[in-house]
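[1] here is a sequence with its predicted model. Questions after.
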Amino acid sequence: DGRGEAHESGNEGYYEGYAYTGIHEEMLKDSSRTEAYRRAILENASRFRGAVVVDIGCGTGILSLISAQAGARKVYCIEASSLANTARDIVKANNLTNRITVLNQLAEDVLLPEGGCDIIVSEWMGYFLLYENMLSPVLDFKDKWLNPGGILFPTRVTLLAALYSDEEFWRQRVTFWDDVHGFDFSPVKEILMQEQFIWPERQHLEASKIATSTQTVIDVDVDTVTAATMKSFRSPISLRGLRDCNVHGVAFWFEAYFEADSTVVLDTSPASGYSHWSQVIWYFPNAVPLSAGDSVEGYFAMDAVDGGSFDVEFYLTRPERIYKQAKNQNPDTIYQNIHERLVWERKFAEKQASSAAPDWSDESSFQSGLRHFLETYEILNKLYVTSSWDQMRKHLAFALAVFLIGILFGRCTLQFQTQKVQAVNAAEMKKRQ
């Protein structure tokens, strides 16, 4: 029945983290990600027609379904977590059990009945491109099972870098401490840099705040890369200032290329819109003045270490010397800045509270809840500013609850607006009759 043997790898906890449906909901709703894969498969349907396809780390099985839609003769959908059972049910619900077989195994444990495959599709990219550390098993599978002339999608990925300027963020988080109710709190800034700015972090960045030209710092051709060459990346950096400003950090994002008869690019840059990967920002210990045309020099390094983590270095040598190093980095260390999330939630709540239409005067329960949300935000924001990182972990679950409340308010707002519009339309129809 395609169930195979349940895996026992010693990494069950890691893989079972991907059994949580919220993760897959976020990825499926990332339209740029899912649409890029869909286009890459369907626009190259001539390669998929009649082919044996393997989907590594299939999750809910969306790429397997699209591959079958493109005409694949047989698709092996490999998922190490217990979500494989759900993927199997989805395949059945779409009447594709005769063409898609779900295997609840690690990729390295799979034995293909076909003796090989023509195409491998996998969404292995993680935060900071490599933090999920999933490319190595994909490459091992390719070397073992991909037929000569076969395709691995994506065919190429690149990590790009540019310097970033965010005066508003810097003012709120750093220069704020220079004058706190008339007192000099600047000694807190040094602690802040060690507690919260020492590692790269996820943020949704703005294209307008990119301050320099962009450069590729990692370029992975999946046809030629090996597990050995994946262990260490080094790249000199040479950029050019685009305008006069202060720069506050270095930003990173990636592009994935699907190259066959037709080429499709998955772009996760700030200019591309929402991406569940976000971008990565690594803040400097101080603002660095930059002028248009200035030469920016430095280097970037990323090295794989034991346990699937990475050591990362960034060294700015011009126009100023700044050295950043982060050891044992992985998906757990690249947290999304909670201050950014709280600010986003507050802006949402304020927008709803100040909206002139519809009139919420009769919705006392909603307004009461909204006021409670804003009060909760103020408490959390004070905790964020005054707490250490260890203390912040204790508040993280509470912050998540606030985030979920914000989503609930948004949905209630849309539902109420829809009901209002429907009522108005119904009244208009009666008048016309």
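    Yes, it's here.

[2] show me the helices in the stretch 201-350 of the chain, by range?
    Under the criterion DSSP state H, counting those that start in this stretch, the stretch 201-350 of the chain contains helices at 338-354.

[3] point out where it drops to low pLDDT.
    Low-confidence segments of the stretch 201-350 of the chain, defined by pLDDT under 70: 335-350.

[4] strands of that one, residue ranges please.
    201-203, 215-221, 232-240, 245-259, 263-267, 279-290, 295-304, 310-318, 322-329 (DSSP state E, counting those that start in this stretch).

[5] can you add distance to S64 and mean neighbour count and give those strands back as a markdown table?
    Where you see a C-beta, it was placed from the backbone N, CA and C, and this is true even at glycine. Shown next, in a markdown table, are the strands of the stretch 201-350 of the chain (distance: least, Cβ to Cβ, whole Å; neighbours: other Cβ atoms under 10 Å):
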| stretch | distance to S64 | mean neighbour count |
| --- | --- | --- |
| strand 201-203 | 28 | 22 |
| strand 215-221 | 24 | 17 |
| strand 232-240 | 31 | 16 |
| strand 245-259 | 16 | 23 |
| strand 263-267 | 18 | 18 |
| strand 279-290 | 29 | 20 |
| strand 295-304 | 29 | 18 |
| strand 310-318 | 30 | 19 |
| strand 322-329 | 31 | 16 |
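
[6] need these in TSV with distance to E114, can you?
    Below are these laid out as TSV (distance: least, Cβ to Cβ, whole Å):
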stretch	distance to E114
strand 201-203	39
strand 215-221	26
strand 232-240	34
strand 245-259	23
strand 263-267	26
strand 279-290	39
strand 295-304	32
strand 310-318	35
strand 322-329	38
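
[7] tell me which of those lies nearest to N44.
    Nearest to N44 among the strands of the stretch 201-350 of the chain is strand 245-259; the distance by Cβ to Cβ comes to 7.5 Å.

[8] direction included, what does the closest one pair up with?
    Sheet partners assigned to strand 245-259 using DSSP bridges are listed as strand 156-164 (antiparallel), strand 263-267 (antiparallel), strand 279-290 (antiparallel).

[9] the host helix or strand of P148 packs against which elements?
    Assessed by DSSP states H and E, P148 sits inside strand 146-153. Here strand 146-153 touches helix 31-42, strand 117-122, helix 135-145, going by 3 or more Cβ pairs under 8 Å, 6 or more residues apart in numbering; DSSP states H and E.

[10] of all the ones you listed, which lies closest to I62?
    Per Cβ to Cβ, nearest to I62 of those: helix 31-42, 6.7 Å.

[11] check which residues of the closest one are buried.
    Residues 33-34, 36-42 are the ones in helix 31-42 that count as buried (16 or more other Cβ atoms under 10 Å).

[12] same question, stretch 94-111
    Within stretch 94-111, the residues that qualify as buried are 96, 99-107, 110, counting by 16+ other Cβ under 10 Å.

[13] in strands, which of these appear?
    Judged by DSSP state E, the subset of the buried residues of stretch 94-111 located in strands is 100-103.
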